[in-house]
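> Build me a structure from this.
(one chain, ligands or ions: 1)
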Amino acid sequence: MKWDLSAFYQAINDPQIEKDLTFLAQIIEEYTSLIYRLENNIKQPAPIETVLEKQIEIDLTIDKISTFAHLAVSTDAKNQAARSLEDKVEKLITNLTKPSVTFQKWLASLVNLKELIHRSDFLKAHAFHLFERAENTSYLLDEEVEQTISILSQTGSNAWTKLYGTLSSTQLVEITTDNKTQKLPLPIVRNMAYENDPQIRKIAYEAELKSYQPVEESLAAAINSIKGEVIEICKMRKFTSPLYESLYHSRLEKSALDAMLEAINESLPVLRKYLLKKAKNLGHAGALPFYDLFAPQGELSFKFTYEDAQKFIIENFQNFSNELSGFAKHAFQHKWIDALPRDGKRGGGFCASSKAIKESRILTNFTGVFSDIGTLAHELGHAYHSYCLKEETTLNSSYPMPIAETASIFCESIIKDAFFQKATTEEKIPLLASTLDDAIQCIVDIYSRFLFESNLFEKRKTSTLSVNELNELMLDAQKKAYGEGLDPHTLHPYMWACKPHYYYPSSNFYNYPYAFGLLFAKGLYSQFLNEGKPFVSKYQELLKITGKNKIVDITKSVGIDITKKTFWQNSLKLIEADVNNFCAL
Ligand SMILES: [Zn+2]
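Have a look, this model is predicted:
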């Protein structure tokens, strides 16, 4: 049940790897000299075509080597040869930055770009990519300034990010359970939120909050410095705000985000009803305490074998289309999946798709519980997305965060739905509960994080924030999002110290895409349930164009207007129906 990587290379010592590395260095050189030889005021599209073709060749070569190296490392952390292969490719890639910027600026300088594109079918197929790159130029600074920023960020924001990483990965939590006091890593203590014993959940939460105190000043310095730098650079690039920069890179209109947030805001009272019901189920007199957000409700006792899981997925993907089912069968049969946990293999699950071999590989740590089947379906959804993009070039295939989880959540929904319909009433309770717990995180908690980050940027414009102010800002955001659903005396003031997303200087507002992803996929899925089979081809077409359009235009292709609140309300109604269902069970 290990995956087969021979479509890339026979092994890590395959002599073809060295040949491909040499080839990569050579085509990067060719690409560079092509760009430095470009003339101003061209009359023919050929020079642009040549650069794009060369770039695709480079992309495919990088893809082949680095996907192979990444996959090899992910199942064998000690594979030093694969690690150094990753480094070698990384080093070669840095040579691309300068010529790429030059090309971009040159593109933007062409007054006849539109006309040139129209005279070539190849360029027409890449019009979105070309216009986007030309437009990006308006946010680029002079080459020297860009270089200075990149050098200084090594000792600025990037250094703070590294400090955050070091502090949080070495953070120990002193915790006393069963009269035994020990110091445990933070992730282990946070995981105790899923424990059956309510006492352990509470103790873990209290111990976790205490454990931030020794590092709070350093973390506050880090978040203040990172956000401060982001604000200054956004200003220099003439982005109206960090939020606008994030939306720009997500190819998303502000009106769509506003419509979604408004709908979420309206839906909060119903979602809080679930939290109150959960509090009651767990024996609390009032609202739910923060430490019981993830508390399990009921237990799913059965287990699947890996063979059963495959059969279940292949069978139920048929509810959507024979093609999706056949695709999953092909992936299982042709060893695309490394399914079971073993020593040296990383945890969790992921899907890596390769344009070079036009196939995907999926890593999971299957143990047979229900959520493992959900993970398998989820990753197969990512693979199917890439399959729909297989005829597109590398330049037309990368899609932004908010729609990256569309196909995966969609496939997960098919499987969960199928399972739910066959489940007994006892089984339905834990199934619904875990779906709703996930939804609360994706909608309500994400909403609190969005509010916090918006306010943080606003306040950071004029001054740095103390630990106390950061805590207050977080508590305030949580109160606004969770409202009467959570006990205001047991919130999580240190969430700004807990979530790494606030410390990535190039991915600000790494929160709303989660809510967008869930609600958009849910909306699509309900459209499928309404329309049935005629929806299938529309869905495939939607996935096919995700890498070469703005999100608004992608969704329009299936008749969805994401700038209208109604679409988001309808998706939220599906979750609200789950809440009512749960309360009735
Ligand atoms: Zn995913």
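
> Which helix in this structure has the most residues?
The longest helix of the chain (DSSP state H) is helix 46-75.

> which helices and strands does the following helix or strand past it pack with?
Using DSSP states H and E, the helix or strand that follows helix 46-75 in sequence is helix 80-94. Packing partners of helix 80-94 (3 or more Cβ pairs under 8 Å, 6 or more residues apart in numbering; DSSP states H and E): helix 15-36, helix 46-75. (Glycine included, C-beta is placed from N, CA and C.)

> any idea which of those is most buried?
Across the helices and strands packed on helix 80-94, averaging neighbours per residue (mean count of other Cβ atoms under 10 Å) puts helix 46-75 on top, at a mean of 19.

> what does the average pLDDT come to for it?
Mean pLDDT, helix 46-75: 97.

> I'd like to check the angle between it and helix 15-36, please.
150 degrees (axes from the mean of the first three to the mean of the last three Cα atoms, to 10 degrees).

> Check the secondary structure at Gln182 for me.
Here Gln182 is recorded as strand under DSSP: H, G, I helix; E, B strand; the rest coil.

> can you pull out the strands in the stretch 351-500 of the chain?
Secondary structure of the stretch 351-500 of the chain (DSSP state E, counting those that start in this stretch): strands located at 359-363.

> List the residues that contact Glu30.
Counting by Cβ atoms under 8 Å, 6 or more residues apart in numbering, Glu30 touches Lys54.

> same deal with the one 3 residues further on?
When contacts are counted by Cβ under 8 Å, 6+ apart, Ser33 is found next to no other residue.

> Can you give me the distance of it to Lys88?
For Ser33, the distance to Lys88 equals 22 Å [Cβ to Cβ, to the nearest Å].

> Check Leu431 too.
Counting by Cβ to Cβ, the gap from Leu431 to Lys88 is 47 Å.

> next one: Asp121
Distance check for Asp121 against Lys88: by Cβ to Cβ, it reads 36 Å.

> and those two? which has more neighbours close in?
A direct count of neighbours by other Cβ atoms under 10 Å for Asp121 and Lys88 places Lys88 higher, at 18 against 10.

> Ignoring the adjacent residues along the chain, who's closest to that one?
Leu21 (6.2 Å; Cβ to Cβ, 6 or more residues apart in numbering).

> shouldn't that neighbour be in contact with Ile65?
Yes: here Leu21 lies in contact with Ile65, judged by Cβ atoms under 8 Å, at a distance of 6.7 Å.

> Give me the common contacts of the two.
Common neighbours of Leu21 and Ile65 are listed as Val89 (criterion: Cβ under 8 Å, 6+ apart).

> tell me what the longest helix of the chain is packed against?
In terms of contacts (3+ Cβ pairs under 8 Å, 6+ apart), helix 46-75 is packed against helix 15-36, helix 80-94, helix 121-125, strand 350-354, strand 359-363.

> Out of the ones you listed, flag the one nearest Phe239.
Nearest to Phe239 among these is helix 80-94; the distance by Cβ to Cβ comes to 25.0 Å.

> Buried ones in that closest one, by neighbour count?
Residues 82-83, 85-86, 88-89, 92 are the ones in helix 80-94 that count as buried (16 or more other Cβ atoms under 10 Å).

> Now tabulate these in CSV and tack on distance to Ser321 and pLDDT.
As requested, the buried residues of helix 80-94 are exported to CSV (distance: Cβ to Cβ, whole Å; pLDDT from 0 to 100):
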residue, distance to Ser321, pLDDT
Ala82, 37, 95
Arg83, 40, 92
Leu85, 38, 96
Glu86, 37, 92
Lys88, 41, 94
Val89, 37, 94
Leu92, 41, 92
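
> Can you verify my assumption that Leu141 contacts Ser150?
No: counting by Cβ under 8 Å, Ser150 is not a contact partner of Leu141; they are 10.7 Å apart.

> tell me what the worst-scoring helix or strand of the chain on mean pLDDT is packed against?
Every helix and strand of the chain was ranked by mean pLDDT, DSSP states H and E. The lowest is helix 143-155, at a mean of 87. Packing contacts for helix 143-155, counted by 3+ Cβ pairs under 8 Å, 6+ apart, involve helix 97-109, helix 216-237.

> mind running it again at 6 Å?
Using 3 or more Cβ pairs under 6 Å, 6 or more residues apart in numbering; DSSP states H and E as the contact test, no helix or strand touches helix 143-155.

> what's the next secondary structure element after that helix?
Counting by DSSP H and E, the next helix or strand C-terminal to helix 143-155 is helix 157-170.

> Using CSV, write out every CA atom in that next one.
Presented in CSV, the C-alpha positions along helix 157-170 are these (Å, rounded to 0.1, in the frame of the first residue of the first chain):
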residue,chain,number,x,y,z
SER,A,157,9.7,39.9,9.2
ASN,A,158,11.2,36.6,8.2
ALA,A,159,13.4,36.5,11.3
TRP,A,160,10.4,37.2,13.5
THR,A,161,8.5,34.4,11.8
LYS,A,162,11.4,32.1,12.5
LEU,A,163,11.5,33.2,16.1
TYR,A,164,7.8,32.5,16.3
GLY,A,165,8.4,29.0,14.9
THR,A,166,11.2,28.3,17.4
LEU,A,167,9.3,29.6,20.4
SER,A,168,6.1,27.7,19.6
SER,A,169,7.7,24.5,18.7
THR,A,170,9.8,24.4,21.9
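
> Please determine how far the residue nearest to Lys88 is located from Val89.
Distance of Leu21 to Val89, computed by Cβ to Cβ: 8 Å.

> shared neighbours, these two?
Common contact partners of Leu21 and Val89 (Cβ atoms under 6 Å, 6 or more residues apart in numbering): none.

> what comes up buried for stretch 178-191?
184, 186, 189-190.

> Would you enumerate the residues in contact with the one residue sitting closest to the centre of the chain?
Centrality entry for the chain: nearest residue to the mean C-alpha point is Met401, 5.7 Å, by Cα atoms, centre = their mean. Met401 makes contact with 250, 513, according to Cβ under 6 Å, 6+ apart.

> in stretch 313-333, what's buried?
If you call a residue buried by 16+ other Cβ under 10 Å, then stretch 313-333 has these buried ones: 313-314, 316-318, 320-321, 323-325, 327-328, 331-332.

> Need the contact partners of it.
310, 377, 380, 384, 387, 414-415, 418, 536.

> ok, now with 8 Å
Applying Cβ under 8 Å, 6+ apart, the contact partners of stretch 313-333 are 310, 336-337, 360, 362, 373, 376-377, 380, 383-384, 387, 411, 414-415, 417-419, 528, 533, 536, 540.

> Just the endpoints, please. Distance across that stretch?
End-to-end span of stretch 313-333 (Cα to Cα, to the nearest Å): 13 Å.

> ends of stretch 121-141, how far apart?
Using Cα to Cα, one end of stretch 121-141 lies 32 Å from the other.

> what's the spacing between that stretch and its chain's center?
Centroid displacement of stretch 121-141 relative to its chain, using Cα atoms, centre = their mean, to the nearest Å, is 24 Å.

> what does stretch 339-349 give?
For stretch 339-349, the distance to the chain centre is 20 Å (Cα atoms, centre = their mean).

> Settle it for me: which of Leu141 and Ser150 has more neighbours?
Counted by other Cβ under 10 Å, Leu141 and Ser150 do not tie: Leu141 has more neighbours, with 14 against 11.
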